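>>> sequence below, structure please.
(one chain, ligands or ions: 1)
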Amino acid sequence: MISKDRFEKRIIVTGGAGFIGSNFLRRAVPRYRQYLFVNIDCLTYAGNLGNLKTVENDENYVFEKIDVRNDELLADCFEKYDVNAVIHLAAESHVDRSIIGPEAFIETNIRGTFNLLELARRRVHDFRFHHVSTDEVFGSIEDGLFSELSPYNPSSPYAASKASADYLVQAYHKTYRLDTVISNCSNNFGPYQFPEKLVPLTIRNALLKKEIPIYGDGGNIRDWIFVEDHCRALDLIFHGGRSGNTYNIGAGYERPNLDIVTGICRIIDRMLGDGPRERLITFVGDRPGHDRRYALDSSKIKSELGWEAVESFDQALENTVRWYLDNQEWLDDCISGEYLKYYEKNYSRRRN
Ligand code: TDX
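Have a look, this model is predicted:
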């Protein structure tokens, strides 16, 4: 049984078994032994406890299988650990899924955030609430960069759900004086990303020599960031971000999708020597409401919190491809849902 009293902060990290959440926890748990990290995750298709093997037995880490939509279980968890901070990453996050079935996005991303805010409000005197959000709330931009003051203009149900959650967080700050910070980050890539997003999907299909779908003309631009740079930014914002503020996080590596995909094909060809894989690239119909370009102005986090992206884009992409090559079993398990057995074997019996 965990003795919560010895921890300076008791932090719920929602979505800790997901891509960004698990990268964050693998970094933060060993770094902050004075904090207790309570990972709550309901283990949807994109959540994988196998991502957390390096910290799963640490004394300042605990896992609770809870869905953020379940306000009763959340309330019990707040009570059990006397929680005084939330870093909220749990979300349905894939734009294409939100187009096919928006409801889960409304329920998880909006209702889930609301549930957490309501519990935080009851502890308002001693609480920090960090909402981890996305640049997609701003919509598309032809020229220039989005600043923290740019108007929200979401295009997909996913983006609208994250924008709604951001607005709720802002309202709880203004109305109830809850100590909040919001971070809006650009497109992440790196190890442990579920292979539905562009980078890991391309790597997987290139390895299997399957078609690599490019939506539209492949000229859509995203501002890419290596996930570890994002996680360092989250750490800085959680600790030093000014209450009620939002912070953009982008590395400024703007690339058209076609460049990303051809770049990955060439790296794999070089590593495995059996290309060319570029001929797998297949232009398919465009995504409805497809944003043309995202680009963030990150000068606020740089000047206030001293953050910089340290990974070069080329090196980070190369390392990412190498990781997927070395972890093909992880990729296969993701797709087959095999990793749920990991939960059954290692966690479900241990619950107290
Ligand atoms: O098969 C594909 N082919 C393709 O051309 C896929 C999956 C994507 N694309 C395009 C669509 C986008 O222009 O690649 C770009 C990136 O697509 P995604 O990986 O789906 O990401 P995006 O839609 O840009 O949203 C991402 O960034 C912001 C994440 O999915 C969000 O969760 C995050 O908030």
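
>>> near the ligand, which residues of the chain?
Contacts of the chain with the ligand, taken as CB under 6 Å from any ligand atom, map to 93-95, 134, 136, 187, 197-198, 201, 213-215, 220, 222, 257, 287. Where you see a C-beta, it was placed from the backbone N, CA and C, and this is true even at glycine.

>>> among those, which ones are in strands?
T134, N187, P213, I214, Y215, R222 (DSSP state E).

>>> which ones are touching the residue in the stretch 251-352 of the chain that the ligand sits nearest to?
Across the stretch 251-352 of the chain, no residue is closer to the ligand than N257, which sits at 4.5 Å (CB to the nearest ligand atom). Taking CB atoms under 8 Å, 6 or more residues apart in numbering, we find N257 in contact with L198, I214, Y215, G218, G219, N220, I221, R222.

>>> again, but for E196
By CB under 8 Å, 6+ apart, the neighbours of E196 are A46, H94, D96, R97.

>>> where along the stretch 51-200 of the chain do the strands fall?
61-65, 85-88, 128-134, 179-185, 187-189 (DSSP state E, counting those that start in this stretch).

>>> then the stretch 201-350 of the chain?
Secondary structure of the stretch 201-350 of the chain (DSSP E, counting those that start in this stretch): strands located at 212-215, 221-226, 245-249, 253-256, 281-284.

>>> contact partners of the last one?
Strand 281-284 is contacted by residues E211, I212, P213, I214, Y215, G216, D217, G218, L258, V261, T262, C265 when judged by CB under 8 Å, 6+ apart.

>>> output the strands of the stretch 51-200 of the chain as TSV; include the columns mean pLDDT.
As requested, those are arranged in TSV below (pLDDT from 0 to 100):
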stretch	mean pLDDT
strand 61-65	97
strand 85-88	98
strand 128-134	98
strand 179-185	98
strand 187-189	98
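
>>> turn those into TSV, columns for mean neighbour count.
Shown next, in TSV, are the strands of the stretch 51-200 of the chain (neighbours: other CB atoms under 10 Å):
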stretch	mean neighbour count
strand 61-65	20
strand 85-88	25
strand 128-134	24
strand 179-185	24
strand 187-189	23
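
>>> so who does whichever residue of the stretch 101-250 of the chain sits closest to the ligand touch?
Residue nearest to the ligand within the stretch 101-250 of the chain (CB to the nearest ligand atom): T134, separated by 3.1 Å. Applying CB under 8 Å, 6+ apart to T134 gives the contacts S93, A159, K162, N184, C185.

>>> for the first one, which non-adjacent residue is closest in space?
Closest residue in space to S93, ignoring its immediate chain neighbours: Y158 at 6.8 Å, by CB to CB, 6 or more residues apart in numbering.

>>> please indicate which of the contacts of N257 are buried?
Among the contacts of N257, those scoring as buried are L198, I214, Y215, N220, I221, R222 (criterion: 16 or more other CB atoms under 10 Å).

>>> and which of those residues is nearest R242?
Proximity of the buried ones among the contacts of N257 to R242 (CB to CB) peaks at R222, which lies at 27.9 Å.

>>> would you check that that closest one makes contact with S186?
Yes. Contact criterion CB atoms under 8 Å: R222 and S186 qualify, at 6.9 Å.

>>> anything in contact with each of these two?
Counting by CB under 8 Å, 6+ apart, the residues touching both R222 and S186 are Y294.

>>> dump the residue contacts of the nearest residue to Y35 once chain neighbours are set aside.
In this structure, Y35 finds its nearest non-sequential neighbour in K9, 4.4 Å apart by CB to CB, 6+ apart. Contacts for K9 (CB under 8 Å, 6+ apart) come out as Y32, Q34, Y35, L36, N84, A85.

>>> now do 7 Å
Residues in contact with K9 (CB atoms under 7 Å, 6 or more residues apart in numbering) are Y35, N84, A85.

>>> residues near the closest residue to L331 other than its chain neighbours, how many?
Nearest residue to L331 in three dimensions, chain neighbours excluded: R204, at 5.6 Å (CB to CB, 6+ apart). Neighbour count for R204, taken as other CB atoms under 10 Å: 19.

>>> measure stretch 104-124 end to end?
Across stretch 104-124, the terminal residues are separated by 28 Å (CA to CA, to the nearest Å).
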